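Chemist: sequence and predicted structure are below.
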Amino acid sequence: MDLPEILARLDKLEDAFLSGLQEVRSIKGEIQKKTNGNPTLEPLLEAEEVAKLLGVEVGYVYSQARTKRFRPSS
């Protein structure tokens, strides 16, 4: 295989790679738009919503979030 043939093959490979990369970025952008940047794809609740659902004070939700644990009081 001569040098011009190798360079031509490398050019084709580079074009294919860049095309694939562009497609990956496009799909990633679509996913981010649909999830509003939330990578879990699940909507998150606000602290006020959590407090209401659990029947606790909002401050308690915040304090538990800071300690990364939650145990609702009876």
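Modeler: Structure's in. What do you need?
Chemist: next, Glu44: secondary structure please.
Modeler: For residue 44 the amino acid is Leu, not Glu. On the three-state scheme (DSSP: H, G, I helix; E, B strand; the rest coil), Leu44 is labelled coil.
Chemist: tell me, how many residues neighbour it?
Modeler: 9 (other Cβ atoms under 10 Å). The way it works is simple: take the backbone N, C-alpha and C, and place the C-beta from them, glycine included.
Chemist: and it, backbone torsions?
Modeler: The phi/psi pair for Leu44 (degrees, to the nearest 10) reads phi -100, psi 150.
Chemist: and what of Val56?
Modeler: For Val56, the backbone dihedrals (degrees, to the nearest 10) come out as phi -130, psi 170.
Chemist: from Leu13, how far out is it?
Modeler: Val56 sits at a distance of 59 Å from Leu13 (criterion: Cβ to Cβ, to the nearest Å).
Chemist: next: Thr35.
Modeler: 33 Å.
Chemist: returning to what we had before: who has more neighbours out of Val56 and Leu13?
Modeler: Taking neighbours as other Cβ under 10 Å, Val56 and Leu13 compare with Val56 leading, 15 against 10.
Chemist: what's the following helix or strand after the strand or helix carrying Ile27?
Modeler: Element membership of Ile27 [criterion: DSSP states H and E] is helix 3-35. Once the chain leaves helix 3-35, the next helix or strand it forms, by DSSP H and E, is helix 47-54.
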